[in-house]
Each structure stands twice: as C-alpha cells, then as structure tokens.
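**Student:** Model the structure of this input:
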Amino acid sequence: MRQIQYALSVFRPPCQALITPYTLVFNSGQRVRPWVRHRSHPTGSLTEQFQTAVTELLQRMDEQGVTGRRLKLVVSDFWARPAVLNLPSTSLTDQEVDALLTSHYRRTYGDLMEGWRWCWDQQPESLIAVAWPGGGLDALKAGLSERNCVLACAKPLGTDVISQLPTASGALWCAILAHSCLTLMRMQDGKIQDWCVVANTEDTAGSVPLALNRESAKRGDPCRNVVIIDLHDISDTFDPASLRSTLQAAGWASRFCVASDIHHSLTWPLHQATLLSPCP
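**Tutor:** The predicted structure follows:
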C-alpha cells in the first residue's frame, strides 16, 4: 500500500512545511500564498512542543483537504540534537553506526535520550547525525499515512540551508540566526566538521561572538571567518550592524549571506512567508 501511495503522489506537486517553536508554515503547492501561524509563547517540554507542532500541521492539511501528496518538511534546529563523529573505519555496517551513535548520545544526554530517534549520513571520515523526539515523528508518519500522504523528506533547518551555500574552499564557520535558537556549523571545504545548537537570547550581538569563541576554543581552532545567515522573524529586534561590530571587535571576519545563496533551499521561501505574515 505504501508503494501505491507514493506512486500516486509523485504525479502531484509536493507540499512543503516549516515547523519551529514560534511558527508553522504550510505550502500546499497549489499556487496560493503559504499559510502561516505564529505562536507567542510555546509551552511544554521539547517533546511536547514538537508533537504539538506536528498535530497543528496535520490539522492544517485537513483544513486544506490535502490527501495523496508528498510532504517535504523542514524542522527547526531548536528540536535537533546534532552529532558529528570521526569514523574509525569507512566500512562500518548500519548496526555498527547505530551502536556508535547510541554510545555517543547516551554519554552526552543520558536518560534525556529516552524516546528520541536519530538519522545519519556519512561523509568521508565522519558521520553526521541528528536526533528528534520520536513521539512526534511517529505521530507525523501515522497522520500522513491516514491521509494517504508520504513523507518525502524531513530535514533539519541547518543542514537544509548549509547544503545550498556555494561551496567555499578552506575553513569557515556558519552561524544561522533564528528566533528560537542559534546554529553553529564548522565547515572545511564544504564539509561539516562540527555542529551545535545554542539557546537563543535577546542579545544576539553579544551571544553570537561568545558562542563562536567558546566553540572555536573547544576545537583549538584558528579559523576566524564566519558567514551569518539571518532567519529572524520580522518582529525580532535584531541589529545586523551591531552584530558585525561585536564580531569584528572579537577578531572575527564576518559576512552576511545574501538571499541568492540559499533561495533554492526548502527553508528560504517558507521563511519569507513568515515575513509577509507578521505576528498580530
């Protein structure tokens, strides 16, 4: 049945969605403006917030009568627990990779990993993984199946955006600024070497250099180049000039990503929809 559902869905335009703690964006793919819902004060645990966002997404699909479609989903890094691990061998089986990730996540989060699921991708000499709350993923898959829909892809916002940046040679840090969190990625010749998510603060100009300094110190990293990707909501009080100034004072050479760099990502057009539908 799943293969039949997918075979039928490929003949229809896919739906796209972006879920964050503060916004839900849904594009039905029917040449209408994407629907946007803003939340002022998310409540509950990480897993509860994620499941609430999934429930609201499914409700919106019902309101628009969406059935038999593919869904391409972007998930805020607020819910991501990323990992970048060096591989002892390039010929590990899936079971060995899973054991490696189980050990890493248990050491890092302990019992807080209960009920979380991870997926992974392999780069030369390293493993890129991300964990999400399993309850929300189960609810999403079950809800899509009930609507004869298929999850075509589910991407962390950070990797979706980074994958569309022009490949730069050499060392580079990327800082993705959003209302809910700050994502930092250390790149080397276009490959991810490190990835962390930091809780956001209202003092973006102060918190970004501090987080970059802390993460580069952990690595003993001399790289002081950073690309800033601004995904703030229109309601955020963010001053790019102030951030550029504090970065320069901290010894960082920064540049802001332009729209043309990432406009082919799933994230960018969905994020733009939030700017056209500001918070009430």
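**Student:** residues touching the closest residue to residue 271 other than its chain neighbours, list them.
**Tutor:** Of all residues beyond its chain neighbours, the one nearest residue 271 is residue 231 (5.3 Å), with distances taken as CB to CB, 6 or more residues apart in numbering. From N, CA and C alone the C-beta is placed, and that goes for glycine too. With contacts taken as CB atoms under 8 Å, 6 or more residues apart in numbering, residue 231 has the following neighbours: 157, 161, 176-178, 267, 271.
**Student:** now residue 116
**Tutor:** Contacts for residue 116 were tallied using CB under 8 Å, 6+ apart; they are 81, 105, 109, 131-134.
**Student:** Any of those residues buried? List them.
**Tutor:** A residue is treated as buried here by neighbour count (16 or more other CB atoms under 10 Å); on that basis the buried members of these are 81, 105, 131-134.
**Student:** Contacts for stretch 98-114 next, please.
**Tutor:** Among residues not part of stretch 98-114, those counted as contacts by CB under 8 Å, 6+ apart are 81, 83, 85, 92, 116, 118, 120, 127, 129, 131.
**Student:** re the thing from before, pLDDT, secondary structure and distance to residue 276 added to the buried ones among the contacts of residue 116, as JSON lines?
**Tutor:** Conversion of those to JSON lines gives the following (pLDDT from 0 to 100; DSSP: H, G, I helix; E, B strand; the rest coil; distance: CB to CB, whole Å):
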{"residue": "81", "pLDDT": "97", "secondary structure": "strand", "distance to residue 276": "32"}
{"residue": "105", "pLDDT": "96", "secondary structure": "helix", "distance to residue 276": "38"}
{"residue": "131", "pLDDT": "97", "secondary structure": "strand", "distance to residue 276": "32"}
{"residue": "132", "pLDDT": "97", "secondary structure": "strand", "distance to residue 276": "28"}
{"residue": "133", "pLDDT": "96", "secondary structure": "strand", "distance to residue 276": "30"}
{"residue": "134", "pLDDT": "96", "secondary structure": "helix", "distance to residue 276": "34"}
